[in-house]
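Student: Based on what follows, work out the 3D shape:
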Amino acid sequence: MCYKELVVDSVSGRVCVVTGATGMAGAAARKLSGLGAKVHVIARKADDLTKLVHDIDASGGVATWAQADLTEELATRAAVVQCVERFGRVDGLFAVAGGSARRYGDGPVQDATLDGIRAAFDLNLVPTFLAVREVVQVMLGQDRDTDGSRGSILLMSSVLATSPAPLFATHGYAAVKGGINSLTRTMAARYAPDGIRVNAVAPGLVATPMSARAQDDPESVAYAKRKQPLAGGLIPAEAAADLAAFFLSRGSRFITGEVINLDGGWSVTEAG
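Tutor: As a prediction, this is how the structure comes out:
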């Protein structure tokens, strides 16, 4: 059996929640559905959700969606409940939803505003926490599968949490992503006995709507070419989808507490 068949076999039939509907989230939802997973997408914008689910349906996949502001407790809970009502359980969560708070005042600490720092937390940590809390509660209440697993969770970190770059000095964002690294490890330790795995992906500069500003900035593009030599520039969003498919599959059933750099070499090069 080839690697592709192994991945398909280990994802097919699993119920996966993805937060966010564009960029890495959209790519992951398409990838997972293409491998036979049942996907439930939660995001704030109905237009993004309907387009994504329409594309998945058109390609023969199975997907549902829920529009929700993931900074609101009741809305997040209702969105996860919709998944359980439709599919009966949750086997995986890829918590992608987040964004830059630069427009609110995030930046180098000497220039950052309190509103900017709060926005970085509200945009990134709060949606992660609420989605994870609701999904963990579901997983704890469901039967283990044949591997003894109740589910797998993949969080969204950033290379900036551990390999900062002066050119990308949004200190609130980096601090939040460092917090997500810590959340990954402490949750992994707590829930391993319950058969729930928790890992994180820490991307470098990826070609997504969030990085549109960097994609239009010649200095940032040149930096990515030097700093991400394996990609020769920005990393395609589909690379995160491939990683998500692995970590939400049975193939990674013995891996937990890891933060995986998806950075094209950023964290191990000296280019600046």
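
Student: Quick check: next helix or strand after the one helix or strand Lys31 maps to?
Tutor: Lys31 is part of helix 23-34 when elements are defined by DSSP states H and E. Heading C-terminal from helix 23-34, the first helix or strand you meet, by DSSP H and E, is strand 38-43.

Student: sorry, back to before: now do the helix holding Lys31: which elements does it pack against?
Tutor: strand 15-19, strand 38-43, helix 46-58, strand 62-67, strand 92-95, helix 237-247 (3 or more CB pairs under 8 Å, 6 or more residues apart in numbering; DSSP states H and E). In this view, the C-beta of every residue, glycine as well, is placed from N, C-alpha and C.

Student: can you put the ones you listed in TSV and add mean pLDDT and mean neighbour count?
Tutor: Output for those, formatted as TSV (pLDDT from 0 to 100; neighbours: other CB atoms under 10 Å):
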stretch	mean pLDDT	mean neighbour count
strand 15-19	98	29
strand 38-43	98	27
helix 46-58	96	16
strand 62-67	97	20
strand 92-95	98	29
helix 237-247	96	21
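
Student: for these, which one sits closest to Lys177?
Tutor: The closest of these to Lys177 is strand 92-95. By CB to CB, the value is 12.4 Å.

Student: picking up where we left off before, make JSON lines out of the helices and strands packed on helix 23-34 and add distance to Ser149.
Tutor: JSON lines is the format used below for the helices and strands packed on helix 23-34 (distance: least, CB to CB, whole Å):
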{"stretch": "strand 15-19", "distance to Ser149": "13"}
{"stretch": "strand 38-43", "distance to Ser149": "17"}
{"stretch": "helix 46-58", "distance to Ser149": "25"}
{"stretch": "strand 62-67", "distance to Ser149": "21"}
{"stretch": "strand 92-95", "distance to Ser149": "10"}
{"stretch": "helix 237-247", "distance to Ser149": "12"}
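
Student: Quick check: bridge partners of the closest residue to Ala239 other than its chain neighbours?
Tutor: Among residues not flanking Ala239 along the chain, Leu262 sits closest, at 6.0 Å (CB to CB, 6 or more residues apart in numbering). Going by DSSP bridges, Leu262 is paired in beta bridges with Pro203.

Student: what about Leu262, neighbour count?
Tutor: Residues lying near Leu262 (other CB atoms under 10 Å) number 19.

Student: Same check on the one 5 residues further on?
Tutor: In terms of burial, Ser267 registers 14 neighbours under the definition other CB under 10 Å.

Student: List the residues that contact it.
Tutor: Ser267 makes contact with Val159, Thr162, Ser163, Gly204, Asn261, according to CB atoms under 8 Å, 6 or more residues apart in numbering.
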